[in-house]
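A.B. asks: Give me a 3D structure for the following:
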Amino acid sequence: MTADQAAALIGEQPATDYALDLAAHAERYKDVPGLAPLLRSARLGAIRQQYEQADADATAAQTQYKTNVWRANAAILVAASLSALMMAAQILAPKLPIEGLVTTLGILSALSGAAATTWLFRVRQGNMLDAWMQRRAEAETQRLSYFIAVADPDGPPNNDLDLLRLEYFRRYQLDVQKNYYQYRGLAHRAAANKTLDLGSYAVLLSTGSSLLAAGLGAVNGLATALGVVGVFGAALSSYANSREALSQDRRNAERYARTRVALGGLEARLDQVRGAVAGGNRQALTEFVGAVNEQISLEHRQWLEATEITRTAVAKLDEALGKAQDTAPQPPVAPRPPPAAPSPVHPLE
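C.D. replies: Predicted coordinates:
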């Protein structure tokens, strides 16, 4: 069997597909001599089951964590915005019959703060971030173990089977991971740009309202309106900062791009590795698998290290929530500028 024939038997991974369905492979390659028994072996079957369970657990833990933390961040924004509106209503209450509106806004703001507190409590007490990290690390370990086992040139020399091992690894580890880093990297970059837009709007609202207030002064309640806009702008800025800290979109996009370039450099040597394996050099297969897996492991370790920023961001969400509650406006004796919004929340993933 030639290298080209082995590559044709394994096939190409579609550029848009980064899903890994290991359970389907034994059936897909049932007519490929040598490879079919390998994929159906008890050793690979056990690793595959462990990977699939760990991957499902990690996905569920990720969804649980992100759902709660995103809801908390949004609730803090709503609470701060309602507090700003309540300040404006309090100032205007002596002039307009809106006492009921003041009460309603106060109740809604309190409910939003309570909801944020509940969701953050669930994140902390449920150790949701740690659960996600641990289960994802376990899944990645099992996935690497699976492909190491597939490529392990055990038994007597068999060039045909070794070429199939190489091509299987090429398609389902190298190509799948490249596709993942490409697709998810672009998605993270798009999300980071949306967050940047939110931050830009927040700066525009805060700065514009301050400049207008300074230039025009209190004219027919204009100072009140501008104050509300300024507080909302500060709250939106805090929300945007938290969103980027929680998602780490820009950092993930950059890290994924670097890893994809590194994998592309290794892929450029694939023809050399094919030639060596076809000539009976089993060490070339082992070293190629190790080099690819090391780049993937390095990216994962960097991702785990970045979660310290995420922990800080969760703590900052608590701090922002406390400030939003502490600065909730009280009925003023005379018109006064609105209170400062919660300080921006800093990073987390």
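A.B. asks: Enumerate the positions of stretch 180-194 that are buried.
C.D. replies: Y180, Y181, Q182, G185, H188, R189, A191, A192 (16 or more other Cβ atoms under 10 Å). In short, each C-beta sits where N, CA and C put it, glycine included.
A.B. asks: pLDDT on that stretch, on average?
C.D. replies: Mean per-residue pLDDT for stretch 180-194: 93.
A.B. asks: Dump the C-alpha coordinates for that stretch into CSV.
C.D. replies: Extracted C-alpha coordinates of stretch 180-194, given in CSV (Å, rounded to 0.1, in the frame of the first residue of the first chain):
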residue,chain,number,x,y,z
TYR,A,180,-11.8,23.7,15.4
TYR,A,181,-9.2,26.4,15.9
GLN,A,182,-10.2,28.1,12.6
TYR,A,183,-14.0,28.0,13.2
ARG,A,184,-13.9,28.8,16.9
GLY,A,185,-11.2,31.4,16.5
LEU,A,186,-13.3,33.3,14.0
ALA,A,187,-16.3,33.0,16.3
HIS,A,188,-14.4,34.3,19.3
ARG,A,189,-13.0,37.3,17.3
ALA,A,190,-16.5,38.2,16.1
ALA,A,191,-17.8,38.0,19.7
ALA,A,192,-14.9,40.2,20.9
ASN,A,193,-15.7,42.8,18.2
LYS,A,194,-19.3,42.9,19.4
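A.B. asks: give the contact list for the residue positioned nearest the centre of the chain.
C.D. replies: Centroid-nearest residue in the chain, with Cα atoms, centre = their mean: S247, separated by 4.6 Å. S247 makes contacts with H188, A191, A192, T195, E349, as judged by Cβ atoms under 8 Å, 6 or more residues apart in numbering.
A.B. asks: which among those gets closest to Y29?
C.D. replies: H188 (33.4 Å; Cβ to Cβ).
A.B. asks: Would you mind measuring from the closest one to D249?
C.D. replies: 4 Å (Cβ to Cβ, to the nearest Å).
A.B. asks: Tell me where the model's unsure across the protein.
C.D. replies: The chain contains residues with pLDDT under 70 at 92-99, 213-225, 306-309, 311, 313-349.
A.B. asks: so which strand or helix has W119?
C.D. replies: W119 belongs to helix 99-125 when elements are defined using DSSP states H and E.
A.B. asks: Now do the buried residues in that helix.
C.D. replies: Going by 16+ other Cβ under 10 Å, helix 99-125 has these buried residues: 101-102, 105-106, 108-109, 112-113, 115-117, 119-120, 122-123.
A.B. asks: Equivalent analysis for stretch 194-201, please.
C.D. replies: In stretch 194-201, counting by 16+ other Cβ under 10 Å, buried: T195, L198, G199.
A.B. asks: From the rest of the structure, what touches that stretch?
C.D. replies: In contact with stretch 194-201 (Cβ under 8 Å, 6+ apart) are residues G233, L236, S237, Y239, A240, N241, R243, E244, S247, D249.
A.B. asks: Next one: V229 from A240, what distance?
C.D. replies: Taking Cβ to Cβ, one finds V229 at 16 Å from A240.
A.B. asks: In terms of neighbours, single out the busier of those two.
C.D. replies: Taking other Cβ atoms under 10 Å, V229 and A240 do not tie; A240 has more neighbours (24 against 20).
A.B. asks: Put the alpha carbons of stretch 278-292 into CSV.
C.D. replies: Output of stretch 278-292 as CSV, limited to C-alpha atoms (Å, rounded to 0.1, in the frame of the first residue of the first chain):
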residue,chain,number,x,y,z
ALA,A,278,6.2,3.9,4.1
GLY,A,279,9.9,3.0,4.3
GLY,A,280,9.4,1.3,7.6
ASN,A,281,10.4,4.1,10.0
ARG,A,282,8.0,3.7,12.8
GLN,A,283,9.7,6.3,15.0
ALA,A,284,8.7,9.0,12.5
LEU,A,285,5.1,8.1,13.1
THR,A,286,5.6,8.3,16.9
GLU,A,287,7.4,11.6,16.8
PHE,A,288,4.9,13.2,14.5
VAL,A,289,2.0,12.2,16.7
GLY,A,290,3.9,13.5,19.8
ALA,A,291,4.7,16.8,18.1
VAL,A,292,1.0,17.4,17.1
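A.B. asks: who touches it?
C.D. replies: Here stretch 278-292 has contacts from 2-3, 147-148, 151-153, 157, 159, 162-163, 165-166, 169, 173-174, 177, 263, 266, 269-270, 272-273, 276-277, using Cβ under 8 Å, 6+ apart.
A.B. asks: Cross those residues against helices and list the overlap.
C.D. replies: If you go by DSSP state H, the contacts of stretch 278-292 have 3, 147-148, 151, 159, 162-163, 165-166, 169, 177, 263, 266, 270, 272-273, 276-277 in helices.
A.B. asks: in stretch 145-163, what counts as buried?
C.D. replies: 145-151, 153, 159-163.
A.B. asks: Where is the longest helix in this protein?
C.D. replies: Every helix in the chain considered (DSSP H), the longest is helix 42-92.
A.B. asks: how far away is F147 from T141?
C.D. replies: Applying Cβ to Cβ to F147 and T141 gives a distance of 12 Å.
A.B. asks: Now tabulate the contacts of stretch 194-201 in CSV and tack on distance to R136 and secondary structure.
C.D. replies: Listed next are the contacts of stretch 194-201 as CSV, based on distance: Cβ to Cβ, whole Å; DSSP: H, G, I helix; E, B strand; the rest coil:
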residue, distance to R136, secondary structure
G233, 36, helix
L236, 31, helix
S237, 31, helix
Y239, 26, helix
A240, 26, helix
N241, 25, helix
R243, 21, helix
E244, 21, helix
S247, 15, helix
D249, 18, helix
